[in-house]
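Engineer: Provided below are the primary sequence and the corresponding predicted coordinates.
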Amino acid sequence: MEMEEKLKITSIIDNCVAIPELRAEHGLAMLIESKGKKILFDTGQSNQIIRNAEMLNINLGEIDCIILSHGHYDHAGGLLAVLQKIKRKINIYGHPSIFEKKYIKRDGETDFYIGMPEKKEVYEKNGANFILSTQSQKITDDIYTTGEVFRTNDFEKVEDKFLKKENESFVHDNILDDISVVIRHGDGLILLLGCAHSGVINIIQKTIDISNRDKFLMVAGGMHLSEKSDSYIDRTLRELKKYNINFLMPSHCTGIKTSPKFKEYYGDRFFYGSAGRVLKFK
């Protein structure tokens with residue numbers, strides 16, 4: 001008898017934990033298991049991913065490839081630790097801009113580095129084979145990246161505080177390397193967001209454009225709403241309601257404070273993501 005096709009997504013790193021034994025950090029990492037393939041989406045900000053994975057009985061040495069949502073430390077900071085755990089050559093998918101020198105302005109005047117912790121050569125010496133493209137990249141028959149996301153609406157803008165260094169000068173970083181993961185499952189899609197710097201509505205529209213599908217079984221991950229105003233959050237949720245989305249699982253940079261508003265709009269179809277949460281699709 002043919003077994004039912006299954007898909008499993010496990011949150012390894014997040015700002016909150018669902019299991020007391022795990023440790024939270026400002027970051028995100030998810031393991032996608034589908035049709036015998038194990039794909040790691042982001043790596044958190046530190047080697048904490050190694051401990052959490054062990055607590056979840058996940059062997060990071062068995063993963064087939066890695067996808068980086070963008071080049072910020074809270075999504076790529078654990079990459080070197082993961083590579084040292086794998087101890088072999090492995091493909092890493094992402095956008096060509098992940099190695100730009102990225103900064104954030106705090107206290108109005110101080111610039112803090114928030115980019116990739118190591119140079120590209122360091123990761124390559126530890127087995128990384130970077131496959132970088134602005135276009136959507138096929139990972140498996142049913143899993144692919146969005147590629148660079150077009151900024152099409154009038155309200156989802158990257159804040160002025162995000163900067164990058166070019167020729168020793170700071171310029172605004174539009175974070176073009178922000179990509180997401182799309183999974184085709186049955187007649188619907190699962191969309192996994194890293195930080196959604198491109199804007200969750202822009203990302204959903206790009207996903208529809210490249211997939212020719214508009215039914216979402218779930219949208220999960222960071223939605224970059226933690227520091228947004230109530231009016232901005234309300235507008236985002238109103239726009240989200242226009243799409244065919246069964247469940248929402250915001251996490252990481254969405255901010256736990258946004259939960260009441262998500263509950264107001266989505267009721268029982270909303271639940272907040274956290275490390276240790278496991279999603280299973282049949």
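Structural biologist: Now that the structure is in, tell me what you want to look at.
Engineer: Spell out, range by range, the helices that occur in this structure.
Structural biologist: Here the chain has its helices, by DSSP state H, at 48-55, 73-76, 79-86, 120-125, 200-211, 230-240, 259-266.
Engineer: Mind putting these into TSV with distance to Asn167 and mean pLDDT?
Structural biologist: C-betas here are computed from N, CA, C, even on glycine. Compiled in TSV, the helices of the chain are given as follows (distance: least, CB to CB, whole Å; pLDDT from 0 to 100):
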stretch	distance to Asn167	mean pLDDT
helix 48-55	34	98
helix 73-76	23	98
helix 79-86	27	97
helix 120-125	19	98
helix 200-211	29	98
helix 230-240	33	95
helix 259-266	42	94
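Engineer: Could you report the neighbour count for the closest residue to Leu192 other than its chain neighbours?
Structural biologist: Nearest in space to Leu192, with sequence neighbours left out and distances taken as CB to CB, 6 or more residues apart in numbering, is Val181 at 4.2 Å. By the criterion of other CB atoms under 10 Å, Val181 has 27 neighbours.
Engineer: Could you tell me which residues within stretch 20-31 count as buried?
Structural biologist: Within stretch 20-31, the residues that count as buried by 16 or more other CB atoms under 10 Å are Leu22, Ala24, Glu25, His26, Gly27, Leu28, Ala29, Met30, Leu31.
Engineer: among these, which two are most distant?
Structural biologist: Using CB to CB, the buried residues of stretch 20-31 span at most 19.1 Å, a distance reached by His26 and Leu31.
Engineer: re earlier: output the helices of the chain in TSV; the columns should cover distance to Ile13 and mean neighbour count.
Structural biologist: Output for these, formatted as TSV (distance: least, CB to CB, whole Å; neighbours: other CB atoms under 10 Å):
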stretch	distance to Ile13	mean neighbour count
helix 48-55	5	20
helix 73-76	9	26
helix 79-86	11	20
helix 120-125	18	14
helix 200-211	20	20
helix 230-240	24	16
helix 259-266	19	15
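Engineer: List just the one of the ones you listed that sits closest to Ser133.
Structural biologist: Minimum separation from Ser133 across those (CB to CB) falls at helix 200-211, 13.1 Å.
Engineer: So what's the residue count around Ile104?
Structural biologist: 16.
Engineer: Report the contact partners of it.
Structural biologist: By CB atoms under 8 Å, 6 or more residues apart in numbering, the residues touching Ile104 are Asp111, Phe112, Ile114, Lys161, Phe162, Leu163.
Engineer: Distance check, it against Arg213.
Structural biologist: 35 Å (CB to CB, to the nearest Å).
Engineer: Perfect, that will be all.
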